[in-house]
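> here is my input; please provide its structure:
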Amino acid sequence: MKLVLAFHGTRDPRGGLVCDEIADLVRAELVRAREAVPVEVAYADVRQPDVRSVVDGPCIVVPVFLAAGYHVRVDIPEQIGARADVVLTSPLGLDAVPVVRERLREAGFRRGDALVLAAAGSSDARALASVRVAAELLGASAVGYVATATPRVADVVARVREEARGRGRRVVVASWLLAPGAFHGALARCGADLVSEPVGAHRLVVDVLLRKYYEARALLLQTA
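Sure, this is the predicted structure:
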């Protein structure tokens with residue numbers, strides 16, 4: 001059964017390359033496991049192909065999103081429609097937390113640094129609640145948003161820096177973003193001492209996406 005990896009979509013070519021790289025790594029793991037599973041990339045917004053045009057037969061759609069906001073809860077299901085042969089799994093979500101920890105270590109995060117989690121934001125309160133859970137799991141003292149929510153990252157960094165004044169603490173921003181692009185670029189100008197790289201095409205991301213695919217496929221086989 002076909003696996004569709006559903007991404008948000010971006011106009012930045014670097015973001016598109018990350019989506020393709022994640023898909024290529026998933027394909028490589030399936031080949032290694034001797035699984036003849038077609039893997040296609042689709043986008044909920046901005047880029048083509050959209051999800052609607054890719055779900056042309058039995059398939060499992062895995063949203064490669066860090067939170068279940070509007071696109072995951074509304075847009076992608078509407079594009080799928082009332083198809084009994086398509087299964088939509090939960091998104092990548094909080095399973096990306098270990099990857100962000102690793103990105104922080106790579107950036108030079110040290111114990112004692114003041115940590116701020118930076119996310120894109122959402123109009124969905126449940127998605128924002130998920131971001132706050134990610135912040136708690138990472139030990140971040142605050143959350144800031146780049147776009148569709150407040151407070152803004154730069155304002156949070158300024159406040160945390162003021163609170164840390166005189167204690168010699170650096171302010172580090174953990175990027176709760178999937179790929180480089182305009183949102184991640186804005187973090188470089190937020191006033192933090194360090195900013196971690198986005199989640200990206202990490203081996204743990206691939207493991208999570210495949211697990212979601214296999215679990216959904218097993219459930220389908222049980223109920224067939």
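
> do you know the pLDDT at the most centrally placed residue in the chain?
Central residue of the chain (C-alpha atoms, centre = their mean): residue 66, 3.2 Å from the mean position. Note on residue 66: pLDDT of 96.

> check residue 89 too.
On pLDDT, residue 89 comes in at 97.

> next SSE downstream of the worst-scoring helix or strand of the chain on mean pLDDT?
Least confident helix or strand, the chain: helix 70 with a mean of 87, by mean pLDDT, DSSP states H and E. Downstream of helix 70, the next assigned helix or strand under DSSP states H and E is helix 76-80.

> would you confirm that residue 186 belongs to a helix?
Yes: Residue 186 sits within a helix when classified using DSSP: H, G, I helix; E, B strand; the rest coil.

> so it sits against residue 146, correct?
Yes: counting by C-beta atoms under 8 Å, residue 146 is a contact partner of residue 186 at 5.3 Å. Glycine gets a C-beta too; all of them are placed from N, C-alpha and C.

> check the secondary structure at the residue of the chain most remote from its centre for me.
Relative to the centre of the chain, the most outlying C-alpha is that of residue 166, 35.1 Å out, by C-alpha atoms, centre = their mean. Classification of residue 166 by three-state DSSP places it in coil.

> that one and residue 188: what is the separation?
Relative to residue 188, residue 166 is positioned 26 Å away (C-beta to C-beta, to the nearest Å).

> from residue 122, how far off is the residue nearest to the centre of the chain?
In this view, residue 66 and residue 122 are 10 Å apart by C-beta to C-beta.
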